[in-house]
Structures are given as structure tokens and as C-alpha cells.
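**Student:** I'd like to go over a predicted model; first the sequence, then the structure.
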Amino acid sequence: MDATPLKGKRGVYRLGHQIGGGGQALVYEGREMHTNTRVAIKQLSGMFTDRKEYERALQQFVREARLLSQLSHPNLPRVTDFFHSKGYWYLIMEFVEGMSLEKLLLRHPNGLPEPRVLHWALQICDVLDYLHSCTPPIIFRDLKPSNIMITPQDTVKLIDFGIARIFKRGKRGDTVQMGSPGHAPPEQYGLGQTDARSDLYALGATLYHVLTGQQPPEPPLTPPLDGWSPSPRAIKSELSEQIDCVIRKAMQWHPHERFQSALEFKSALLSCPTVMLHPLQCPRCLRRQRPGARFCCYCGTALVGAGSPTIVLSLERDDGIVKQFRVHGDVITIGRSDARTRAHLQIDLSPYDMRRHVSRRHARIVRRGNSYWIEDLGSMNGTYVNGRRLPPHRPFPLRPGDRVRFGTLEVIVHAT
């Protein structure tokens, strides 16, 4: 291969060794030469003998570049450049260290431990919720072990958006039927349009695969009279009954019988006895703490929820406290209710939001072990912590005394 650097729109890149790829694209490790930043360089393959096949692959390649360039989430790789050079199309992305679940399964052919798999599954639910909440929603359509990277910090990264699509309401079927056998739901084989519930089926099938070490069964093309409910526990009896029920529900043949949202899926996972909570962590310096500690041994910060994981949000005005909201749970969604969102909010600010500056799904607070993190959900007027506007979909640690503003409404965080 030509060793001269690649000149992109936003940098100059040097190709390194190949680290992945299939029939349509190759992935190389590389460097951006001005900053010496390690990057992943995805190259559209030139090994096409059929012109139509190449045009279809190029269309998918461009779609992936455009989709990823518009997204920002900690469980998605960042795209930094996209260009044509020396007869090839290139996509420059954040380099994701780690290993795919597919490669991890090669080391653990009988499946991976349930607590660790659930830890990853919760992160996948978060990123699917982000994609499905985009306007319009984005359907991943190819969730499987080879497209899930696990970093050395045990963080999930979804890769390969080649066949992702934008959901178009009212469309009766997908233009192109693609996916991976066993992981794709029946509607992805040309029997209807894929939607968010299709990704949830694929997540259930992926959990089946990763927990048992066996390929999930392919769904029949027509709904069987006796139902369709693959049970991983029938293969691996030591799995918990709860995770077995979660996977069976996710892999129902009919979409309306599955989980209807990624948050509903996540809630079911959190009920499993084997779910692994994050270790106690200081919300300020982020260092791990010994079990039972009430103050950080490094910076002295009070550990939110050490012993009793609860915080209170006080909505205050000049005349004193107006309302207190007790936060006690794993996922608390904050916003402004209407007929569409009322059932999905744990904290409804509409009675206090006279100017309607709070979005319907404005933010959420997530408990990680014994600490709480706040995440803006792409709100119109932003979420601020101590005057700093949070980037959308980037969780930020909360600590006692923090002032959090949703639009124009401000609350103060108290530990209990």
C-alpha cells in the first residue's frame, strides 16, 4: 500500500496495520500527523467486481459517516473526518481500545459471567435509548457481538453503523433487508419495518449469545402457533430466572410483545439479582472508595448516598423552598409532562415551569453504585451544573451543594 500520508478535510493521516474489516470495508490503526493522535481509519474496499454492489456499499459507507458525525454519546465512537483520497473513501474515527464481544467469546466459549454481561447490557440500553430518542429516531439494525467493543475501562462502544437507518413513520417495510442471522428479528427479513423494538430483539439475542456461548436460534418467518420464546436457561441452567425472563421477552416474535423501549429493558435488567453495581466512587475526584466510606479519603468530599443512596433536589426561590424531590432509584427522568410523556417522568417540573423552558424529556439522574450522575437528554434550553452547561448525553457527577438548572428552574442537591 502507498505509504504517503492521506490528506483529509481536517487532518493528515498515516495508515498503520490492519485491525479489522470484512468484505466491504477495512479498518486500520493510524495517526493524525499534526497532533500525533491515534485514530481508526476505515477504508471502503476496492475489491468489488459488480458496479451495483460497489454503489450499494458506498451508499452504506456515506450513511454511516453522516449518521456518526451527528451523534455524541459516551458509548459511540466520535467521527472526525470523511474524505476521498487516492481512489478510496476514508472515514476517520476515535480509536477504541479493547476487544469485541465476539473475540471475548472465543476466549470464553461457554459464555461470559452474568454480572459482567449485565453491566455491559445496561450501557447498551443507554446508548439505544439515545439513538431511539433522536429526531427522527435512529435504528441500529445490526447489534451483535462483533459490533460491540469493550474498552479496558469496561465501557461499551457500539461500532459499525453501516446498515443503521432513520425510522420513517408510516412506512410499511424496509427498503433493504439486512442483518445477521439469529440476531436480527423476523421483521428485518422483509416482513415489515424495523423500529426501536427491533434493536431490543437484537439486544436480547446478543445477551443469549454472550451468556451461553451459542448462536441464538433464527426466528421462523411466520409466527409459530405455540409461540416463540428462546430460553438461554435451557442451555445454561446456572443463569438466573430473571435474566432468562428478560431475554425471552426481548426475543418475542411479535414486536408488541417485546419491551417497548430501551429504558423499559434497562429497568427489567436492574431487577436481576446478579446485576453488578458500580463500586463506590467519589463524585468529585472520581476515585474508588472503600466499602462503607462516608467521605472521600483523597479529597474529603461527602460521598452521596454512602450507606443510604438517596439525594433530595430542593426547588428554591426568594421566598424559600417551594418543592423537594426525593431521588431514590436507578433512573430518574426529569421533564415537563403532557399527554404523551406523563407516564415516563419521575420528576415533573411543569407546575413550576410557567415559561415552558423545560423540555418534555429534559434530563435524567442515574445512580451508579452509591453516586448519582446527571445527564442532559438533548434539551432545548440546556441543563447547567454550577453555571456550566452540560454537553448532551454526557453524564456528569452530582455532589451535595451543587446547583442544577433546567431551563430557568434551579434546584439544589442535598444528601440525606
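**Tutor:** Ah, there it is.
**Student:** okay, now the domains of the protein?
**Tutor:** For the chain, the structural domains run 6-94, 99-270, 311-415, going by automatic domain parsing.
**Student:** Can you lay out these as TSV showing mean neighbour count, distance to C299 and mean pLDDT?
**Tutor:** For the C-beta atoms, the positions are set from N, CA and C on the backbone; glycine is no exception. Compiled in TSV, those are given as follows (neighbours: other Cβ atoms under 10 Å; distance: least, Cβ to Cβ, whole Å; pLDDT from 0 to 100):
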stretch	mean neighbour count	distance to C299	mean pLDDT
domain 6-94	16	23	85
domain 99-270	18	21	85
domain 311-415	17	10	84
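**Student:** what's near enough to touch the closest residue in space to S359 that isn't next to it in sequence?
**Tutor:** Beyond its immediate neighbours in the sequence, the residue positioned closest to S359 (Cβ to Cβ, 6 or more residues apart in numbering) is S379, lying 4.0 Å away. S379 makes contact with 358-359, 361-363, 392, 406-407 under the criterion Cβ atoms under 8 Å, 6 or more residues apart in numbering.
**Student:** Just say helix, strand or coil for S379.
**Tutor:** coil (DSSP: H, G, I helix; E, B strand; the rest coil).
**Student:** so what strands line up beside the lengthiest strand in the chain?
**Tutor:** Ranked by number of residues, the top strand in the chain under DSSP state E is strand 12-21. Within its sheet, and counting by DSSP bridges, strand 12-21 is paired with strand 6-7 (antiparallel), strand 25-32 (antiparallel).
**Student:** Columns distance to H414 on top of those strands, output as a markdown table?
**Tutor:** A markdown table is the format used below for the strands paired with strand 12-21 (distance: least, Cβ to Cβ, whole Å):
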| stretch | distance to H414 |
| --- | --- |
| strand 6-7 | 53 |
| strand 25-32 | 45 |
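**Student:** out of those, nearest to Q215?
**Tutor:** For those, the distance to Q215 is smallest for strand 25-32, at 23.7 Å, taking Cβ to Cβ.
**Student:** Name the surrounding residues that touch the closest one.
**Tutor:** Everything outside strand 25-32 that qualifies as a contact, by Cβ under 8 Å, 6+ apart, is 11-21, 37-45, 57, 61, 80, 92, 95, 162.
**Student:** Same question for stretch 52-71.
**Tutor:** Residues from elsewhere that reach stretch 52-71 (Cβ under 8 Å, 6+ apart): 24-25, 44-45, 48, 76-79, 82, 89, 91, 93, 130-131, 134, 138, 160-165.
**Student:** What about those, which are in strands?
**Tutor:** When strands are assigned by DSSP E, the members of these inside them are 25, 44, 79, 82, 89, 91, 93, 138, 165.
**Student:** wait, which of those is closest to P181?
**Tutor:** The shortest distance between P181 and any of these, using Cβ to Cβ, involves R165 and amounts to 18.8 Å.
**Student:** contacts for stretch 89-100?
**Tutor:** For stretch 89-100, contacts defined as Cβ under 8 Å, 6+ apart pick out 6, 8, 10-11, 13, 29-30, 32, 38-44, 58, 61-62, 64-65, 68, 77-84, 145-152, 157, 159.
**Student:** swap the cut-off to 6 Å and go again
**Tutor:** Counting contacts by Cβ atoms under 6 Å, 6 or more residues apart in numbering, the residues outside stretch 89-100 that touch it are 38-44, 61, 65, 77-83, 146, 149-152, 157.
**Student:** give the contact list for L200.
**Tutor:** Each residue near L200 by Cβ under 6 Å, 6+ apart is listed here: 250, 258-259, 265.
**Student:** Reformat the residues you listed as JSON lines; add distance to G387 and secondary structure.
**Tutor:** Formatted as JSON lines, the contacts of L200 follow (distance: Cβ to Cβ, whole Å; DSSP: H, G, I helix; E, B strand; the rest coil):
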{"residue": "A250", "distance to G387": "42", "secondary structure": "helix"}
{"residue": "R258", "distance to G387": "42", "secondary structure": "coil"}
{"residue": "F259", "distance to G387": "38", "secondary structure": "coil"}
{"residue": "F265", "distance to G387": "35", "secondary structure": "helix"}
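**Student:** so is the residue sitting nearest the centre point of the chain in a helix, a strand, or just coil?
**Tutor:** What sits nearest the mean C-alpha location of the chain, by Cα atoms, centre = their mean, is V127, with 1.5 Å. For V127, the secondary-structure state derived from three-state DSSP is helix.
**Student:** Now do the helices in the protein.
**Tutor:** 51-69, 101-107, 114-132, 196-212, 241-250, 262-270 (DSSP state H).
**Student:** possible to save the ones you listed as a markdown table with distance to S231?
**Tutor:** As requested, those are exported to a markdown table (distance: least, Cβ to Cβ, whole Å):
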| stretch | distance to S231 |
| --- | --- |
| helix 51-69 | 34 |
| helix 101-107 | 19 |
| helix 114-132 | 15 |
| helix 196-212 | 9 |
| helix 241-250 | 6 |
| helix 262-270 | 16 |
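**Student:** For L398, which of these is the nearest?
**Tutor:** Nearest to L398 among the helices of the chain is helix 114-132 (17.1 Å), distances taken as Cβ to Cβ.
**Student:** May I have the residues that are in contact with R197?
**Tutor:** Under the criterion of Cβ under 6 Å, 6+ apart, the contact partners of R197 comprise 255, 258.
**Student:** any idea how far Q60 is from it?
**Tutor:** Distance check for R197 against Q60: by Cβ to Cβ, to the nearest Å, it reads 23 Å.
**Student:** what do you get for P217?
**Tutor:** Computed as Cβ to Cβ, the P217 to Q60 distance reads 27 Å.
**Student:** Now distance to C296 too, for the domains of the chain, in JSON lines please.
**Tutor:** Converted to JSON lines, these look like this (distance: least, Cβ to Cβ, whole Å):
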{"stretch": "domain 6-94", "distance to C296": "23"}
{"stretch": "domain 99-270", "distance to C296": "20"}
{"stretch": "domain 311-415", "distance to C296": "10"}
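**Student:** quick one, which of these is nearest to G300?
**Tutor:** Closest approach to G300 among the domains of the chain is made by domain 311-415 (11.4 Å; Cβ to Cβ).
**Student:** Now the terminal residues of that closest one, how far apart.
**Tutor:** Between the opening and closing residues of domain 311-415 there is a gap of 5 Å (Cα to Cα, to the nearest Å).
**Student:** Pull the distance from that domain to the chain's centre.
**Tutor:** 21 Å (Cα atoms, centre = their mean, to the nearest Å).
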